[in-house]
Structure formats: C-alpha cells, structure tokens
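K.L.:
Build me a structure from this.
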Amino acid sequence: MAAPSWRSGGRAWAALVPAALLCLAARAAAGPDTAPGAASSTAEFDVRPGGEVHSFSRSLGDYSCSFTYSAQGGTNEQWQMTVGVSEDSALFSCSIWRPQGKSYLFFTQFKAEVKGAKIEHAMAYSQAAAGALNDIPLKQEEFGVTETTVSHREGKFRFELSKLMIVAKSPRDEL
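P.N.:
Numbers count the residues shown, from 1 in each chain. The predicted model follows:
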C-alpha cells in the first residue's frame, strides 16, 4: 500500500487531513445547505478514450482544480469532480473519480493541478471504493506530487487510474 504524499510534516497534519477529507466528502454528499460558510460543488464529465489530451476543470471561490489526461480503449466513462472549501477557507479539496469504482480505460497520462493553494496531501488510486470494491492506491513510484500538481511518472505509471484526491492549504495561512 502506498503512503500518502505530505508536503509538510507534523502530527497535526496527520490527524487534520483525514478529518478534513471526511468533512468535505460528507458535506458534498449532504448538499450545500449543511455547513454555513463552507462550500462544495460536484460536476459530472465524460472521460473520453481515443488518445487525445482532454481537460476538465472546476473553480470555487479563489481556488480551481483541473484534470488533464489521455486515455485509450473502450467507450466514454462518466466521472465526477468535487471541489470543496472549508468554512475558514484555509483548505481546498479536489476529488476526481469514477463513481462505478473501476475504470476500464488505459490512461497514458494524467495530471491534476490546483490553483490558489499548495498541496498538503494527495493520493491516486487504480480502483475507487464503490459497492463491494475498496480503494486500491497506486504505488508511490507511479505518480508524483509537487506544490500544485499530481501527475503520472513516465515509465513507472501502470496505466490504471480510477480516483485522485487532493487537499491543499491556502497560502494565506502560512504567515
């Protein structure tokens, strides 16, 4: 199992990031009226095979997330992107996934990029939890994380992708 990618150390982040992910995911599932001051938005999009590079992006307040990819095989798959901002606007999350759990497309490349925040935690999965399926993370050597991007590693990525999760921190909190 691959370990999460952390951009800054500390035990506080070890506890905060999973809690933030759970809160943002619960808020997205419950709807926009559940947490005053916090916001989330979910949009569906098609991941299209054919070998061409495609991109999908969403913005929320001062933050944005874009997903750029190229895939082969099969037919279009319906995916979702959820972006969320914590009540204090200190954390931004971006989740990109196939709700059915497992993608049958052959991804030749992928990159998720956030703007307006720096990535604190990111993880990529070859299978997303759905029904009886569990999340299966990519091996750490298959993808790389910078301050603003999560992307495949040429020659290491095994062409399977079903989910990306990113939590980023506002640079305004780094004073």
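K.L.:
What's the first helix or strand after the helix or strand hosting Trp79?
P.N.:
Element membership of Trp79, judged by DSSP states H and E, is strand 77-85. Remark: after strand 77-85, the chain's next helix or strand is strand 91-97, criterion DSSP H and E.
K.L.:
now what about that next one, what contacts it?
P.N.:
20-21, 24-25, 28, 58, 60, 63, 65, 67, 79-86, 112, 114, 116-117, 120, 125, 128, 162-170 (CB atoms under 8 Å, 6 or more residues apart in numbering). (Glycine included, C-beta is placed from N, CA and C.)
K.L.:
What strands flank that strand, and is each parallel or antiparallel?
P.N.:
Strand 91-97 sits in its sheet next to strand 77-85 (antiparallel), strand 163-169 (antiparallel), going by DSSP bridges.
K.L.:
low pLDDT regions in the protein?
P.N.:
Scanning the chain for pLDDT under 70 picks out 1-37, 173-175.
K.L.:
Quick one: the helices in it, in order.
P.N.:
For the chain, the helices defined by DSSP state H occupy 11-30.
K.L.:
residues in contact with the residue nearest to Glu142 when sequence neighbours are not counted?
P.N.:
Using CB to CB, 6 or more residues apart in numbering and skipping residues adjacent in sequence, the residue nearest Glu142 is Phe157, 4.7 Å away. Residues near Phe157 by CB under 8 Å, 6+ apart: 107, 109-110, 138, 142-143.
K.L.:
of all these, which two lie farthest apart?
P.N.:
Farthest pair in those (CB to CB) is Gln109 and Leu138. Separation: 13.7 Å.
K.L.:
ok, these two, which is more surrounded?
P.N.:
Taking other CB atoms under 10 Å, Gln109 and Leu138 do not tie; Leu138 has more neighbours (23 against 15).
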